[in-house]
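Asks: Could you look at this predicted model? Sequence included:
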Amino acid sequence: MKSKKQDNNINDTKKTPLNHLGDLKYCEEQLGLLIDNSFAPILMFENFKIIDCNQAALDLLKFKSKEELFTTDFLKISPENQPDGKNSLQEAKKMIDLAIKKGKHRFEWLHKSSDQNDIYVDVELISVANTENTILFSIWNDISKQ
């Protein structure tokens, strides 16, 4: 999510959002910094494929790199069935459809880390339509210890 030219100082005072509202590149860079520096795991999905994430997502799922996560089938980070007995693939489709229909949707989900440990998360799924496909932003809150 980082551009190659930016530094990691989210408090850079050389540019401010008020001075650069029309500067799309600047706004994209600031959004990237916000996502990258978030404590919350954030992932972007397109057609059931993870296309981007932040370090917090890699840490929670125990993946060493984005590339490793991106090449992992979505269903490998979810059990076959959710705790209520419903099939994860079918339920994921329902959650995605609701997010696309309403613009956003919130729900609880059971994931599996790369070492197959259970991770219970509260998911905010936000739908962002572009010209070709729908991109889904997924913001997680780990509720495993609750």
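Replies: Thanks, I have it. Residues are numbered from 1 along each chain as shown.
Asks: Could you pick out the longest helix of this protein?
Replies: helix 88-102 (DSSP state H).
Asks: Mind giving me the packing neighbours of that one?
Replies: Judged by 3 or more CB pairs under 8 Å, 6 or more residues apart in numbering; DSSP states H and E, helix 88-102 is in contact with strand 104-112, strand 118-129, strand 134-142. From N, CA and C alone the C-beta is placed, and that goes for glycine too.
Asks: ok, for Pro139, nearest residue in space, not its chain neighbours?
Replies: Not quite, residue 139 is Ile, not Pro. Glu124 (4.4 Å; CB to CB, 6 or more residues apart in numbering).
Asks: That neighbour touches Ser138, doesn't it?
Replies: Yes - counting by CB atoms under 8 Å, Glu124 does reach Ser138; the two are 7.2 Å apart.
Asks: re the thing from before, can you pull the contacts of the residue nearest to Ile139?
Replies: Taking CB atoms under 8 Å, 6 or more residues apart in numbering as the criterion, Glu124 is in contact with Lys104, His105, Arg106, Ser138, Ile139, Trp140.
Asks: How about the contacts made by the last one?
Replies: Going by CB under 8 Å, 6+ apart, Trp140 touches Ala40, Pro41, Ile42, Leu43, Ala57, Leu60, Val121, Asp122, Val123, Glu124.
Asks: Tell me where the model's unsure across the chain.
Replies: 1-22, 130-131 (pLDDT under 70).
Asks: Recalculate using a threshold of 50.
Replies: Applying pLDDT under 50 to the chain flags the ranges 3-6.
Asks: and the residue nearest the centre of the chain, what are its phi and psi?
Replies: Among the residues of the chain, the one closest to the centroid is Leu43, at 1.6 Å (CA atoms, centre = their mean). When read as degrees, to the nearest 10, the backbone of Leu43 gives phi -130, psi 150.
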